[in-house]
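K.L.:
Task: produce atomic coordinates for the following.
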Amino acid sequence: MDSYVRMFADNAIYSAKVTIKSYLNSAINTIKEKLSTTQLGMFEKTCFGHFLDMQELQFNGQVVNHMLWRQCICDDLNIMVFNFGGSGARFTIQEFCLISGLFCGPVPTTRPTTSGRFRDTYFRKFPLHNHDIVEVFSTATCENDDDMVKLALLYFLETVILSKEKPTPIPVERVDMLDDIKYFLTYPWGTLSYDATVKSMRGCPGKRSNASHTYSITGFPIAFMVWGYETIPSLAEAFGIKSSLPDVPSRIGLLVGCQRRKFWRIFLRTGYMKRLWLPAHHALEAKSRDAPLLKIVGVDLDLDRGNWWKIDCACDGGDYLP
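P.N.:
The predicted model follows:
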């Protein structure tokens, strides 16, 4: 059972500039500009295609900073626990997958043998870093629709879903997965993204205090921010405008603006917090990390017919409502 004992005292909290390495808006715009109409249609049917329907979403570092200050001591490294104005809340892989729309199943222990064709064709220098992926994708002129969409998938995966610090190399195995596109599209990228996000956020910002009061978060922290709006209704009212797009993952279509006065009232006035901070029911339920939430559909497609981009994920966890 969670004790909801906070990791940091109120007098330890400082205002910080929080940045992220996941460039969601720019990546979506780049893909839309780079791919042809046919290629965009192919990308839209992949495991990352639902992100193309999003409205622009602004990351709010102030909100995330104050949420992270209120994390609690927890022995389970697979989840994060918070104390918001006396109310406990849990951020787990289930919330992450339902918000992001990413597949969050078990990570395979074996992988198919690949030829290395895609790697040898487009990447000659190793180790690879994000800037190499960005350069290859932005300058690619190949007429092969399949390869162009594969480059877009790799670009989106590394710069958005699995964002990282600049010195961090990209495992060559992830590039080689694109030789077996069915394996790539059905891989649980959501699990890897969640683990990277939680690892980056746990203990922040206390362990990253510095004179400039700045720190960065890797992985896909936008899903965590959206969870905050789901869990704390008053926060959503102050900072978010819900998207009307029906196909966008839950609340990930929020347009976020900074209303500074409301921000400080919500986070710093204890009475205000206790009265309004009511975690949504889905954030309070104890759920197993291994509980299957998503199932893969359409994986029996014949790749030789050129239909590999139709492999998709479907939610099997019911409606996701606050």
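K.L.:
And the residue nearest the centre of this protein?
P.N.:
Computing the C-alpha centroid of the chain and ranking residues by CA atoms, centre = their mean puts F220 first, at 3.0 Å.
K.L.:
Just give the nearest non-adjacent residue to that one, would you?
P.N.:
Nearest-residue entry for F220: S193, 4.7 Å, with adjacent residues in sequence omitted and distances by CB to CB, 6 or more residues apart in numbering. Using the backbone N, CA and C atoms, a C-beta is placed for each residue, glycine as well.
K.L.:
For D132, give its distance to Y122.
P.N.:
Relative to Y122, D132 is positioned 10 Å away (CB to CB, to the nearest Å).
K.L.:
ok, M225 touching N65?
P.N.:
No. Judged on CB atoms under 8 Å, M225 makes no contact with N65 at a distance of 10.6 Å.
K.L.:
Show me what the helix or strand encompassing the residue nearest to F220 is packed up against.
P.N.:
Counting by DSSP states H and E, the element that carries S193 is helix 189-201. Helix 189-201 sits against helix 93-100, strand 214-217, helix 222-231, with contacts defined as 3 or more CB pairs under 8 Å, 6 or more residues apart in numbering; DSSP states H and E.
K.L.:
Using TSV, lay out the ones you listed together with distance to C47.
P.N.:
Formatted as TSV, the helices and strands packed on helix 189-201 follow (distance: least, CB to CB, whole Å):
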stretch	distance to C47
helix 93-100	11
strand 214-217	23
helix 222-231	15
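K.L.:
for the ones you listed, which one sits closest to Q55?
P.N.:
Shortest distance between Q55 and the helices and strands packed on helix 189-201, using CB to CB, is found for helix 222-231: 12.8 Å.
K.L.:
Pull the contacting residues for Q39.
P.N.:
145, 148-149, 152 (CB atoms under 8 Å, 6 or more residues apart in numbering).
K.L.:
That one and V149: what is the separation?
P.N.:
For Q39 relative to V149 (CB to CB), the value is 5 Å.
K.L.:
just R124 next, same as before
P.N.:
Distance from R124 to V149, by CB to CB: 21 Å.
K.L.:
Which one's more surrounded, the two?
P.N.:
When neighbours are counted by other CB atoms under 10 Å, V149 comes out ahead of the other of R124 and V149, with 27 against 9.
K.L.:
Show the pLDDT at the more buried one.
P.N.:
For V149, the model assigns a pLDDT of 98.
K.L.:
so which strand or helix has it?
P.N.:
Secondary structure from DSSP H and E places V149 in helix 145-156.
K.L.:
by contact count, what packs against that helix?
P.N.:
Here helix 145-156 is seen to pack against helix 24-34, helix 37-44, helix 117-122, helix 130-139, helix 181-185 when contacts are counted using 3+ CB pairs under 8 Å, 6+ apart.
K.L.:
okay, these, which one's buried deepest?
P.N.:
helix 181-185 (a mean of 20; mean count of other CB atoms under 10 Å).
K.L.:
Output that one as CSV - backbone C-alpha positions only.
P.N.:
Taking C-alpha atoms only, helix 181-185 is exported to CSV below (Å, rounded to 0.1, in the frame of the first residue of the first chain):
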residue,chain,number,x,y,z
ILE,A,181,8.7,-3.9,-40.4
LYS,A,182,6.0,-6.1,-38.9
TYR,A,183,8.3,-6.7,-35.9
PHE,A,184,9.0,-2.9,-35.7
LEU,A,185,5.4,-1.9,-35.8
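K.L.:
So D75: helix, strand or coil?
P.N.:
coil (DSSP: H, G, I helix; E, B strand; the rest coil).
K.L.:
What distance do you get for it to V5?
P.N.:
From D75 to V5 the distance is 12 Å (CB to CB).
K.L.:
for D145, same thing?
P.N.:
54 Å.
K.L.:
neighbour count winner among these two?
P.N.:
D145 (17 against 10).
K.L.:
Please name the residues that touch the more buried one.
P.N.:
Per CB under 8 Å, 6+ apart, neighbours of D145: 36, 38-39, 42.
K.L.:
How far off centre is stretch 158-167?
P.N.:
The chain centroid and the centroid of stretch 158-167 are separated by 11 Å, computed with CA atoms, centre = their mean, to the nearest Å.
K.L.:
And for stretch 69-83?
P.N.:
Worked out by CA atoms, centre = their mean, stretch 69-83 lies 18 Å from the chain centre.
K.L.:
distance between the ends of that stretch?
P.N.:
9 Å (CA to CA, to the nearest Å).
K.L.:
Isn't R202 up against D75?
P.N.:
No. Using CB under 8 Å, R202 is not in contact with D75; the gap is 12.0 Å.
K.L.:
Name the residue in these two with the higher neighbour count.
P.N.:
The neighbour count for R202 versus D75, taken as other CB under 10 Å, is higher for R202 (15 against 8).
K.L.:
List the residues that contact that one.
P.N.:
Neighbours of R202 in contact, by CB under 8 Å, 6+ apart: 71, 77, 80.
K.L.:
so what's the backbone phi/psi at it?
P.N.:
Dihedral pair for R202: phi -60, psi 130, per degrees, to the nearest 10.
K.L.:
What of E165?
P.N.:
Dihedral pair for E165: phi -70, psi 150, per degrees, to the nearest 10.
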